[in-house]
Each structure stands twice: as structure tokens, then as C-alpha cells.
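Asker: Next one to model:
(2 chains, ligands or ions: 2)
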Amino acid sequence: MADKTNKEKQFSRRDFLKTTGVATGGIIGGSMLGGLVGFRLDSPTEEADTGQQSAEQGAEGGGNSGSYNPGRMFFHNDTTFDTISQAMERIYPEDDMGPGAIALGAPFFLDMQLAGEYGNNTREYMQGPFYEGEATQGYQSRLIRSELFRLGIERLDTEANEMFDDDFRNLDGGQMDEILTRFQEGEADMGVPAATAKPQDFFRLLRSATIEGVYADPLYRGNHNMEGWKMKNFPGHQHAYIQEIDTDSFTEIEPQPLFGGNH
Amino acid sequence: MATELDKVDVVTIGVGWTGGIIAAEAAKAGLSVVGLERGRERGTEDYQNIHDEYKYAIRYELMQDVSKETLTFRNNREQRALPMRQLGSFLLGENLGGAGTHWNGQTWRFLPYDFEIRSMTEERYGSEKLREDEGYRLQDWGITYDELEPYFDQFEKTAGISGEDNPMAGERSDAYPTPPMIKTRTLQMFEEASTNLGYSPIMMPSANLSEQYENPDGESIAACQYCAFCERFGCEYGAKSSPEVTVIPTARKTGNYEVRTHANVVEVLKDEDDDSRVTGVRYVDVRTGEEFIQPADVVVLTSYVFNNYKLLRVSDIGQQYDPETEEGTLGRNYCYQIFGGATGYFDEQFNTFMGAGALGMAFDDFNGDNFDHSDLDFLHGGNMAITQTGNRPIATNRTKPDTPSWGSEFKKESIESYTRTLRVQGQCAILPHRDNYLDLDETYNDVYGVPLVKLTFNFTDQDLAVQKYVTEKAGEVMEEMGANDVVLDAASTDYDITPYQSTHNTGGTVMGDDPETSVTNTYLQHWDRDNLFVVGAGSFAHNSGYNPTATVGALAYRCAEGVIRFAEEGGRLEEE
Ligand SMILES: Cc1cc2nc3c(=O)[nH]c(=O)nc-3n(C[C@H](O)[C@H](O)[C@H](O)COP(=O)(O)OP(=O)(O)OC[C@H]3O[C@@H](n4cnc5c(N)ncnc54)[C@H](O)[C@@H]3O)c2cc1C
Ligand code: SF4
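Answerer: Ligands and ions are numbered 1, 2, ... in the order given. Model prediction:
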């Protein structure tokens, strides 16, 4: 069943990582597996690796996203998209549990969300005046999410250059984590007054958008092949559990998407 | 200029459970009723492709559009109130059916103690225990459980509630209309553990019906299919009792009822010549921007806690509560709930992704005054429950307190815990305090130019004490259930409006038998304006350790009786 194929996939992926000599979950693991072919013009070695990875995926029978690229609506700049993809991968990394944010297409999920209602806060109260509130009062920034993401991505690079003298996407995993932690803990500099944006607001959105992109219905372009659900044993859209609800043992059910499944 | 429409007998503001119940009863009695609802028409046919966690549970597709109207919030009077810019702590209803469309359906009656909390507490423990010097303001509701029992029964029969007798609760005149839901493995574990500890667990009374049912109005409700997309979703089977499958079709069938959607009421119109009456309401068609006046013999506010308060306040009906002088009744006794629970980590995997909104077991041994409070530093308590509502992967990522909230460790632990953790949780009462109240904001408006409601609320010592006590009890149950590790919920500090807690807001338009401490009498008739009724959880004088809607439904049936009697006889209903 679903579970068995999943284990096989995990096994072969781990194998592959070993043979390429790349530490699981580092920057390279992330970008290689994410199908960011052609983005790293400055890094030919990794491009070659990416090619290798595609072959590997072929052998696995399309188990993860490979060159999955549904196109972009919001992130027109390749570098910006690469930066946010790397950050999302650190939140939810590829590892021996299975694919990470990039392989699951979570950055494409975010891309589409930022282009729409979510990015424009259309169903949220955005009238002024704006003040920096107490933490218990929730989000109080005048920025809509798409603006906050743009600013946050800029500041990831600013912090990266200050601390490690390079852009965020070129750092190693541990360095990226250090920077993300600075955002999470409110230490990073957003370059604007706190009433406009706090680093922890950006981090909170980055984290939640990553989890959403990993586990939302594939309709939203993340959770590629429902691999996010498979790791978690979540069966997605099932019409009913009335037949199984009173069974005492754990029941594995092959996941179904909301649309286009074989119900 | 506003266009004046033809007069009707009854107009309700909002069409959820309360608006639907008033409409069904009044229309059956032959009165002409208009329901003004600011949201859209919707029903079971709109819920056929609804198993989408992201859209409905995370982005709140079915709930209030807070770009148009929200409220402002602060923890205390020293803070600047700021808008709740995104939904979070509670999920306000909008569109036909209101929050009754996307509720869970856990349908508990409040306890006899609740309705007489002040006198019973005084009698058992003395007046010291009321802690008035510390600002607590307990009051009786002006009606007893026994007086309200027939209305509870009526609501449960309309909704077809599935349940079994509760030895720790008030007496019932009749059994639940349908038997309890299926007792799953995890519920059985809870049952065994709590029985071992000497408690009295029962199946949760549920509006996800255990079997197909026809209610006394002839409406048919289907049997729950345990689809696990229930709380925050509409039911694609018509198996969750909601206004759209019960009272709204009942009202429509009479031919005396019209629902007017996209109609946002902005004012209740006072009678210029008679200060004991109102004449109707003014509303805006939210699509065209046109204004209308809907005259009516009786106006019933059924627009939930915040808007029932707001419409009275902006229409200058009644006196605003002032926390300094404690004069005025409008806005006082705002209450909420506080939760305390325990998470158990197991090796075994459970079918946590299956479930239904009100599938659960619970006991009331630590609710109300069912246990001795003599040596405790709080009153009341909470219903202790395990539920199997269907965990979904975006929202359910449980990790132990020391685990990072992102990265590989987070990923592994949240994936493994998804099917290997269970929760037991107490839903605790909050008692009214002088400093917790509703007011009108001076700075922020809704899109129609009407000021937002301003909420001033924080947890008090009483609330934090009840939470601590119940959390520990939850931990003991979880131990007994055999968890490898039991993690108790962290204690709350200040109330935070961002994480979801419950849509169990209460107070602000309290009912009672004394105009000095309440806004309406116990028929929910406004003390100042005889033909104005105000009903909902805002009518509660305090909040109990239960979900509110059975009690809301009972009050709506009582209110409907009042409306019909008033339409026939007029006058003050408290003067029998
Ligand atoms: C996710 C969730 C789960 C819940 N689970 C449970 C549960 O398990 N058990 C339980 O007992 N309760 C539960 N509740 C609470 C329950 O849904 C409410 O108590 C109940 O639905 C309230 O009914 P109501 O008629 O008072 O208000 P609502 O259902 O809120 O209806 C009010 C209506 O008025 C309309 N309105 C507001 N202002 C205006 C205006 N100015 N003009 C025109 N129309 C207006 C709104 O659009 C809305 O449709 C839950 C709530 C939520 C959100
Ligand atoms: S769990 Fe039952 S009542 Fe709830 S939505 Fe699914 S079928 Fe309907």
C-alpha cells in the first residue's frame, strides 16, 4: 500500500544523498531536490547534480516533484524565488522522513497564494490608523502579506551579508538556520519601524505558509503527489469513514485529492 | 434617502440558529417574518466539494469577512484598543445559517447551577465566596433550569440530537431524540480511564446525527457519515443539524417567511412618539449600496453577541455600562472560556484522521458545582472531554515543549505524533468581572461607517485557577489512559486574541429579572422597548463549562414564545 511505496522511496533517496556526499537537509540537498534547474547560474556543479537527481527520480517512478514547475504568478525574479524556497526548505527540510518543502512544491503554493486573496489581505481589516500593538492584539502591520514577504526576503539577504558576507541562498544550512532564528526571536533588523513590520511576523508567516504548502490539497500546487499527506498518514479527501470508524486497529488508506482522485 | 418598504409583523437581524428559530415559530403561528442576513444564501448543495482544509479551516471561507467589519480589542483599559485584523480566537458566522453551518454540534445543556449561580453559591458557601470585593459580578439569570427545560427539549427535538443521559446534569423530561454516536477505540480508552478514576463519562450529545431522523416540523436530517471535515465546514450530507436543514426550510414552507440576503442592518429605529417602542430597522444592500427601511411590529436581534450589542448601542437604546461607576447594563458581563488539557504520547497509532465534529465522550464531575469548592480558590469548572473530530495535517502538528517549532526535528516529531497523540481537555467557565465588558470604539469604523465594537477582556485569577485545576485533572485521566508521556498545557497568562480558542463569547446584552442588572427580561424582551427582543449567547449572565448552543437554542424558543405572545397581546411579558 501507500506506506510501502513510501518507505521504498525514502530508502532510495537516502541512498542517493549518501552517494553524492551531500549532508541531508543542507542548502544543496534543498535546491537539488527542488527542481530549481537553471536558477543557479553561478553554480554549475550543482546544476550537474540536479541532472543526476532527475534521473534518480525517474528511477523512482515520479515519487517526488523532480522538475515539477507549474510556473509562477508572483515571484517574477528567479533569485527572490530561490531565496524564499531555501528558507522554506529549512522550515521543512528533506530528510529521512521524506521530501522537504521544495520537493513538495511549497514555494509554488506560496507563489500562488501571494498573488491572490492571501497576499492582498482582501478578507482582513486593513483600515488605519496603524499602531504597534501588544502581542495579544495580533497582526497590526499596514503591510499586506505580499509586501511583508518581499521585505522579509530582502532582509534575509541583508542579514546574510552582514553575518556571513554572502546572500542567504548561498549559505549553508546551519548559517541559514542562524539567520531564521534571528527573525523568529525578533532580533533581525527589518529596516522599518516595528509598527510597520516585525521580524517575528515575517517568520511566523514563513513558517505557517510552509506547513500549509506542504499539507494543503494538491489543488494549491504544494503537497506534490500528496507526498506530504503520505508521510503523515493523512488520507486527504475521503467521502466517509463510517465503514472504518469503529475498527480498533490503525487503518491505512490511500490518500485522495479533492478533485481528480479515483472516487 | 432610504427607501421605506412595506411593514411586516416580525423582522430578525441575522439568520443563524436564533434568527431561524424565531422565524420558524413566528411564521408557523401565522406572522409575516422577514430575515435580514448580510451574507449569502447557501445550503447543502454548496458543500459538495468542501473537504479542503486550507480553504475552509485555515482561510475561514465560511466565516465573517473582517475586511468589512471586525471589533477592536485590548486586555485592559490602560491599553489602546486595536482592530482584530484577522480572525483568530473566535470565528464569527456569516451567510445563511450563521455559525450554525460550520459548528461542531456538541450540544450541551447548561447546568441547573448556572441559572441560579449566585443564590446557590451563597447558600452553599456564604457570600464571601462571591468575591465581590475583587470585582466578580455573579448574578442569577432570572429563570431556573426547570423553567427552561421544555425549551431545551424543543431545541433538541428540532435538531435531533444524539445522546444519552448524563448523571451529573439537570433532569430531562424526555430522552434524546436519537441514540449516541459510535464509541470508537479512543473514546473507549477515555471511558475506561475516567470510570477507573471514579468519574461518570457519557457520550457527547451530538448534532451529527447517529441515524436518519425526521423532526417535529417534518424536516429530515441524514445520518452522519463520519467524514471528518465537520468543524469549520458545512455538511455535504445534510447530517449535521444546522439552521439550513431545519428551521429555515420550516419557516419557508409556511409561505410567511422571506430571507433577504446581502442586507446589512445598521440601525434599529426608535419610535419618535413612543419611547417604549421601536418601528423597524435601517439596512444597507451590500451589493448596491442602497439603503432601506424595513418597518416591523416586532424587531428581534439575532445577529450574535457582538452585533446584538452594537445595534443597541449605535441606536442609543439602553444605557452603556461604565466600569468605573458600574452604572448601565449594556455591555456588561462579557465572558468567554478558558481551556486546560493534556496531550498524551503513545506508541500505538490511532485513526485520528477519522471523526465527526461532536464525536466524543466527556464527564461533568468537575463542572459547575458538581464538586466541593470550599477549599478551592475558584468557582465553577469545566466539562472534561476527549473528542475525535478528525485531525487535519495543517492544523495538527504536535510536538513536545522543548522541540523546535521548525526544521527536521519538528518535522519528524509532528509527523509521528499526528496519529500517536490523544488529548483530553476541560472547557472551563469564565465568570463575569467588573473590568470585562463591551463598548463602542472611538477610532475605527466598519465599511458602512458605523463604529466597531470595542472588547476589553482579560483572564482573571478565578479563570486561571480553574484552568490550572482542570489541566491537572486532565493529566490524571491521560496517565490512566496509558500514555507514555503526558504533557500538560502551559498555563495561560493574558488573553490573546490570535490563537483559536472557541466561538463561545457571551454576555453584553444579559437577561434577568432586574432592569438594574440586565438588558432584557427572561422572554428576551428589552426592558425599555416592548417590541424589541434580543437573543443569543449575549443573553448569558456568565459563561458555563459547556458549548453554548443548546442553551442559545432554548432561549430562542423561549424568545419565540414571547414574540408570538407579544404580537397577540402586546405589553410587558414579565407581568404574567
Ligand atoms: C468553528 C465553530 C465551532 C462551534 N462548535 C460548537 C459546538 O460544538 N457546540 C456549540 O454549542 N456551539 C458551537 N459553536 C457556536 C455556535 O455556532 C453558535 O453558538 C451559534 O451558531 C450562534 O447562533 P446565533 O444565531 O446566535 O448567531 P450566528 O450563527 O452567528 O448568526 C448571526 C447571523 O447574523 C448575521 N449578522 C450579523 N450582523 C448583522 C447585521 N448587522 N445585519 C444583518 N445580518 C447580520 C451574520 O451574518 C450571521 O449569519 C461553534 C462555533 C464555531 C465558529
Ligand atoms: S462528520 Fe458527519 S455531520 Fe459532520 S460534516 Fe461529516 S457527515 Fe456531516
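Asker: which residues touch the residue in the stretch 401-550 of chain B positioned nearest to ligand 2?
Answerer: For the stretch 401-550 of chain B and ligand 2, the shortest gap (C-beta to the nearest ligand atom) falls at B:Thr549, measuring 14.6 Å. Quick note: C-beta positions are derived from backbone N, CA and C, even for glycine. By C-beta atoms under 8 Å, 6 or more residues apart in numbering or on different chains, the residues touching B:Thr549 are B:Trp17, B:Gly100, B:Trp103, B:Thr107.
Asker: Now with 10 Å, please.
Answerer: B:16-18, B:99-100, B:103-108, B:155, B:159, B:207, B:241, B:503-504, B:537, B:556 (C-beta atoms under 10 Å, 6 or more residues apart in numbering or on different chains).
Asker: Please list the members of these that lie in strands.
Answerer: In strands, judged by DSSP state E, none of the contacts of B:Thr549 are found.
Asker: about what we covered before: per-residue confidence for the residue of the stretch 401-550 of chain B closest to ligand 2?
Answerer: Note on B:Thr549: pLDDT of 98.
Asker: so the residue of chain A found nearest ligand 2 is in which element?
Answerer: Among the residues of chain A, A:Ala240 lies closest to ligand 2, at 6.9 Å counting by C-beta to the nearest ligand atom. Using DSSP states H and E, A:Ala240 sits in no helix or strand.
Asker: excluding its backbone neighbours, what's nearest it?
Answerer: Closest residue to A:Ala240 apart from its sequence neighbours, by C-beta to C-beta, 6 or more residues apart in numbering or on different chains: B:Gln225 at 3.6 Å.
Asker: so what's the one you found up against?
Answerer: With contact taken as C-beta under 10 Å, 6+ apart, B:Gln225 is in contact with A:238-243, A:245, B:208, B:235-237, B:239, B:356.
Asker: Next, format the residues you listed as JSON lines and append pLDDT, distance to B:Glu53 and neighbour count.
Answerer: Putting the contacts of B:Gln225 into JSON lines (pLDDT from 0 to 100; distance: C-beta to C-beta, whole Å; neighbours: other C-beta atoms under 10 Å in any protein chain shown) gives the following:
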{"residue": "A:Gln238", "pLDDT": "97", "distance to B:Glu53": "13", "neighbour count": "22"}
{"residue": "A:His239", "pLDDT": "96", "distance to B:Glu53": "16", "neighbour count": "12"}
{"residue": "A:Ala240", "pLDDT": "97", "distance to B:Glu53": "17", "neighbour count": "16"}
{"residue": "A:Tyr241", "pLDDT": "98", "distance to B:Glu53": "16", "neighbour count": "23"}
{"residue": "A:Ile242", "pLDDT": "97", "distance to B:Glu53": "20", "neighbour count": "15"}
{"residue": "A:Gln243", "pLDDT": "96", "distance to B:Glu53": "22", "neighbour count": "10"}
{"residue": "A:Ile245", "pLDDT": "97", "distance to B:Glu53": "19", "neighbour count": "23"}
{"residue": "B:Asn208", "pLDDT": "98", "distance to B:Glu53": "18", "neighbour count": "30"}
{"residue": "B:Cys235", "pLDDT": "98", "distance to B:Glu53": "16", "neighbour count": "29"}
{"residue": "B:Glu236", "pLDDT": "97", "distance to B:Glu53": "15", "neighbour count": "21"}
{"residue": "B:Tyr237", "pLDDT": "98", "distance to B:Glu53": "18", "neighbour count": "19"}
{"residue": "B:Ala239", "pLDDT": "98", "distance to B:Glu53": "19", "neighbour count": "28"}
{"residue": "B:Ala356", "pLDDT": "98", "distance to B:Glu53": "16", "neighbour count": "34"}
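Asker: Now the two most distant members of the residues you listed.
Answerer: Within the contacts of B:Gln225, A:Gln243 and B:Cys235 form the most distant pair, 18.2 Å apart (C-beta to C-beta).
Asker: Can you classify the residue of the stretch 51-200 of chain A found nearest ligand 1 by secondary structure?
Answerer: Closest residue of the stretch 51-200 of chain A to ligand 1, C-beta to the nearest ligand atom: A:Arg123 (14.1 Å). Assigned by DSSP: H, G, I helix; E, B strand; the rest coil, the conformation of A:Arg123 is coil.
Asker: Please apply the same query to B:Phe110.
Answerer: Secondary structure for B:Phe110, judged by three-state DSSP, is coil.
Asker: Is it correct that B:Ile13 is in contact with B:Ser315?
Answerer: No - counting by C-beta atoms under 10 Å, B:Ile13 does not reach B:Ser315; the two are 11.1 Å apart.
Asker: Which neighbours do these two have in common?
Answerer: Listed as contacting both B:Ile13 and B:Ser315 by C-beta under 10 Å, 6+ apart are B:Val265, B:Val268, B:Val281, B:Val299, B:Leu301.
Asker: Make CSV from those and add distance to B:Ser194 and pLDDT to it.
Answerer: Below are these laid out as CSV (distance: C-beta to C-beta, whole Å; pLDDT from 0 to 100):
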residue, distance to B:Ser194, pLDDT
B:Val265, 46, 98
B:Val268, 48, 98
B:Val281, 49, 98
B:Val299, 46, 98
B:Leu301, 40, 98
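Asker: For those, pick the one with the most neighbours.
Answerer: Neighbour counts for these (other C-beta atoms under 10 Å in any protein chain shown) peak at B:Leu301, which has 32 neighbours.
Asker: quick one, what contacts it?
Answerer: Under the criterion of C-beta under 10 Å, 6+ apart, the neighbours of B:Leu301 are B:11-14, B:18-19, B:265, B:268, B:281, B:307-312, B:315, B:317, B:509, B:520, B:524, B:526, B:532-536, B:538.
Asker: The residue nearest to B:Tyr336 when sequence neighbours are not counted pairs with what?
Answerer: Spatial nearest neighbour of B:Tyr336, excluding adjacent residues (C-beta to C-beta, 6+ apart): B:Ile430 at 5.2 Å. Under the criterion DSSP bridges, B:Ile430 forms beta bridges with B:Asn543.
Asker: Can you list which of the contacts of B:Thr549 are found in helices?
Answerer: Among the contacts of B:Thr549, DSSP state H puts B:Trp17, B:Thr18, B:Phe155, B:Ala159, B:Ala556 in helices.
Asker: For burial, what's the neighbour tally of residue 124?
Answerer: I'll assume chain A. Neighbour tally, A:Glu124, other C-beta under 10 Å: 21.
Asker: ah, no, chain B please
Answerer: If we define neighbours as other C-beta under 10 Å, then B:Arg124 has 13 of them.
Asker: thought it was touching B:His373?
Answerer: Yes - counting by C-beta under 10 Å, B:Arg124 does reach B:His373; the two are 8.1 Å apart.
Asker: Can I get the contacts of B:Gln225 in CSV including distance to ligand 1?
Answerer: What follows is the contacts of B:Gln225, written out as CSV (distance: C-beta to the nearest ligand atom, whole Å):
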residue, distance to ligand 1
A:Gln238, 21
A:His239, 22
A:Ala240, 20
A:Tyr241, 19
A:Ile242, 20
A:Gln243, 25
A:Ile245, 19
B:Asn208, 10
B:Cys235, 13
B:Glu236, 17
B:Tyr237, 17
B:Ala239, 15
B:Ala356, 11
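Asker: And what about B:Lys55, helix, strand or coil?
Answerer: Per three-state DSSP, B:Lys55 ends up helix.
Asker: Can you tell me the closest non-neighbouring residue to it?
Answerer: Leaving aside its sequence neighbours, B:Lys55 sits nearest to B:Glu61 (C-beta to C-beta, 6+ apart; 4.9 Å).
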